[in-house]
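>>> structure for the following, please:
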Amino acid sequence: QVQLVESGGGLVQPGGSLRLSCAASGFTFSSYTMSWYRQAPGKERELVAAINTAGGSTNYADSVKGRFTISRDNAKNTVYLQMNSLKPEDTAVYYCNAKNIWGMDYWGKGTLVTVSS
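The predicted structure is shown next:
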């Protein structure tokens, strides 16, 4: 059974930091590109960051470049999103996504991040 379980969300003040984790099971984690997406109230889901299978290549949305860092630990089947200098506009539900070259595509249920004073 495929599972992606996000954790680490919560309420944080502007300028603060959070680290999201996504624990994967039920598939060959190291063969999947891992990504974080987010969806703010009333907006479409958007790609935040992605990392390739070996972890050597990453890409980020312009809005988070220099503030967020995606990483993965293939030994622990986990992908992370370190979020620094958080802004109110980062408030959203953050989703973990796994995708492979054959089109297999899995989603977690999301974790809520609220940036507010």
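>>> tell me what residue 49 is bridged to.
residue 36, residue 60 (DSSP bridges).
>>> just the strands from this structure, written as ranges.
Under the criterion DSSP state E, the chain contains strands at 3-7, 10-12, 18-25, 33-39, 46-51, 58-60, 68-73, 78-83, 92-99, 105-107, 111-115.
>>> same list (these) but as CSV, adding mean pLDDT and mean neighbour count.
(C-beta placed from N, C-alpha, C; glycine too.) Listed next are the strands of the chain as CSV, based on pLDDT from 0 to 100; neighbours: other C-beta atoms under 10 Å:
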stretch, mean pLDDT, mean neighbour count
strand 3-7, 98, 17
strand 10-12, 98, 14
strand 18-25, 98, 19
strand 33-39, 98, 21
strand 46-51, 98, 18
strand 58-60, 98, 14
strand 68-73, 98, 18
strand 78-83, 98, 22
strand 92-99, 98, 21
strand 105-107, 97, 14
strand 111-115, 98, 18
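>>> I'd assumed residue 107 was in contact with residue 95.
Yes: taking contacts as C-beta atoms under 8 Å, residue 95 lies within contact range of residue 107: 5.9 Å.
>>> can you pull the contacts of the residue nearest to the spatial centre of the chain?
Taking C-alpha atoms, centre = their mean, the centroid of the chain lies closest to residue 36, which sits 2.8 Å from it. For residue 36, the contacting residues are 20, 22, 47-50, 70, 79, 81, 94-97, by C-beta atoms under 8 Å, 6 or more residues apart in numbering.
>>> and what of residue 3?
Neighbours of residue 3 in contact, by C-beta under 8 Å, 6+ apart: 23-26, 108.
>>> pick the one among these closest to residue 43.
residue 108 (18.6 Å; C-beta to C-beta).
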